[in-house]
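In: Starting from these lines, generate the structure:
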Amino acid sequence: MESKAPQQSAAWIGPLESAVEESLDGLFKLRRYLHQHPELSGEEFETTTHVARLIEGLPLPLRIADQRRGLTCELLAPDAASNLPRLALRADIDALPIQDAKQVDYHSTRDGVMHGCGHDVHTTMLYGALRVLHQMASRDQLPWPIAVRGIFQPAEETAVGARYMILNQALHDVAAIIGIHCDPSRSVGRIGISPGPLTANCDMFKVKFRGRGGHGARPHQTIDPIDAATQWVQSVYRSVSRAFDPHEATVISIGRFEAGNKANVIPDHAVLEGTLRTFHSGARASALETIAKISEALTMATGCLVDFELGFSAPAVVNDPHLVDVVTHAAQQTLGDHAVEPIPRPSMGSEDFSYYLEHIPGAMFRLGTCSEQIGQEPLHSPHFDIDQRAIAGGVRLLAATVIEYFDPHRNG
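Out: Predicted coordinates:
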């Protein structure tokens, strides 16, 4: 869709900038608090309660999800009709099972748990955007009615949180959705966004190998599941990578291998867990067919029963072109003409944001969070951190995207 530049943008840019600056100290403190108190997927009770208190303090009406993990809130202003379709802004709130290795005063206080993917930052920026928009509304600084649904989602890392929030009516009366993700490969003040595919389909799987255990000195009397499992890995790695056009990206990776508990005992079972990532349904189906054939052949060759189980999966995130245009224009106004960097090819990573897109159009963008001094460690690193100046840019951009989205000149 061709961009229609809003004609009243100059009237609200200044008040938005002022509201962001007034909020920054509190937002920096919030992000550090969240970083110090991470909670794993499925355990986000304290985080939900903390965010709920902040939302109540604005005040905005909110609804906590049925397991008391995750919440939604509403911002209708100024004088927006109650039936005006919402634009949802989504942030994820869960952390990772990683030991925080940073030597900073805001490092995680919980052993083996840290915000290594920026979800504390996403949560802070969504709250900041709601705060700024609410403040502008109370000062009569918004140029036209807006209707925002804030979604603070648990369990993104386990790919179940988006569906859980959808079941909790998070998308009721929502017309479109915007997501944000930290990007340590981009500098503060830059965003990455493109229409079309942004991430890959991701299937999590488990493979169980059931053999016959015995003494390590007499392997001929056993059916060795470790031997079968290592053959399976090598065969699948080789076959999946060689069976497809190199332009048809397909990636399979094993992240867990568990077998046995004693050096001189061949166990009777072994377990592998991993992920299969593809962009297109045809490639996914072909990869799964290849895996099934390898599993069957290996059972015949070794006598070890191979049981392949598909677990949670997330489809690809596909950005809506119109919403990409909205975010792009908002970024140019708040971050500068050169802030937007097109993403040349999709990531093989995954995001359960994609489940929202099965119901409504949406777009996710990547926010630069690094500088020469800090923030260059990759996502999921025990040293992951951000240059906190990125928070201001993220809040500006989310708030501006809301205003741009509801511009009657753009929609009219």
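
In: Give me the mean pLDDT for stretch 36-55.
Out: For stretch 36-55, mean pLDDT rounds to 98.

In: the strands in the stretch 151-300 of the chain, which residues?
Out: 174-187, 191-192, 196-197, 201-210, 214-215, 250-259, 265-266, 269-278 (DSSP state E, counting those that start in this stretch).

In: Just the element for the closest residue to S187 other than its chain neighbours, please.
Out: Nearest non-adjacent residue to S187, counting by C-beta to C-beta, 6 or more residues apart in numbering: G368, 4.8 Å away. To be clear about C-beta, it is placed using only N, CA and C from the backbone, and glycine gets the same treatment. In this assignment (DSSP states H and E), G368 forms part of strand 362-370.

In: Next, the angle from that strand to strand 174-187.
Out: Interaxial angle of strand 362-370 relative to strand 174-187 (axes from the mean of the first three to the mean of the last three C-alpha atoms, to 10 degrees): 20 degrees.

In: for C117, what are its contacts?
Out: Going by C-beta atoms under 8 Å, 6 or more residues apart in numbering, C117 touches A95, L96, E157, C182, L379, H380, F384.

In: Please apply the same query to P15.
Out: M136, R139, Q141.

In: and the closest residue to C182 other than its chain neighbours, how many neighbours does it have?
Out: Among residues not flanking C182 along the chain, G118 sits closest, at 3.1 Å (C-beta to C-beta, 6+ apart). Using other C-beta atoms under 10 Å as the criterion, G118 is surrounded by 28 other residues.

In: now Q234
Out: 11.

In: Give me the distance between it and T250.
Out: According to C-beta to C-beta, to the nearest Å, Q234 and T250 sit 17 Å apart.

In: Over to G260?
Out: G260 sits 31 Å away from T250, going by C-beta to C-beta.

In: What of A65?
Out: Taking C-beta to C-beta, one finds A65 at 35 Å from T250.

In: Name the member of the contacts of P15 with the shortest distance to E358.
Out: M136 (32.6 Å; C-beta to C-beta).

In: Tell me what angle the helix or strand where the closest one lies forms with strand 174-187.
Out: Element membership of M136, judged by DSSP H and E, is helix 119-138. Counting by the same axes, to 10 degrees, helix 119-138 lies at 120 degrees to strand 174-187.

In: Next, the buried residues of helix 119-138.
Out: Of the residues in helix 119-138, 119-137 count as buried by neighbour count, 16 or more other C-beta atoms under 10 Å.

In: With stretch 326-336 instead?
Out: V326, V327, T328, H329, A330, A331, Q332, Q333, T334, L335.

In: now what about that stretch, what contacts it?
Out: 3, 5-6, 9, 13, 16-17, 178, 189-191, 193, 339-340, 363, 365, 393, 396-397, 400-401, 403-405, 410.

In: Whichever of those residues end up buried, select them in ChimeraX.
Out: Command for ChimeraX that selects the buried part of these, burial taken from 16+ other C-beta under 10 Å:
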select :6,9,16,17,178,189,190,191,193,339,340,363,365,393,396,397,400,401,403,404,405,410
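
In: Show me the helices in the chain, by range?
Out: Counting by DSSP state H, one finds helices in the chain at the ranges 9-36, 45-56, 119-138, 161-167, 225-242, 281-302, 321-334, 389-405, 408-411.

In: would you put the C-alpha positions of the fourth one in CSV?
Out: Taking only C-alpha atoms (Å, rounded to 0.1, in the frame of the first residue of the first chain), the coordinates of helix 161-167 have been written out as CSV:
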residue,chain,number,x,y,z
GLY,A,161,2.2,-18.0,25.3
ALA,A,162,0.6,-16.4,22.3
ARG,A,163,-2.1,-19.2,22.0
TYR,A,164,-2.7,-19.0,25.7
MET,A,165,-3.3,-15.2,25.4
ILE,A,166,-5.6,-15.7,22.4
LEU,A,167,-7.7,-18.2,24.4
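
In: Give me the mean pLDDT for that helix.
Out: 97.

In: mind listing what's buried in that helix?
Out: So for helix 161-167, counting by 16+ other C-beta under 10 Å, buried means G161, A162, R163, Y164, M165, I166.

In: Could I get the contacting residues of the third one?
Out: Looking back up the chat, that one is R163. So R163 contacts D352, Y355 (C-beta under 8 Å, 6+ apart).

In: Same question for the fourth one.
Out: Residues in contact with Y164, defined by C-beta under 8 Å, 6+ apart, are A65, Q67, R69, G70, Q153, P154, A155.

In: doesn't Q67 make contact with the last one?
Out: No: when contacts are counted by C-beta atoms under 8 Å, A155 is not listed as touching Q67 (10.0 Å).
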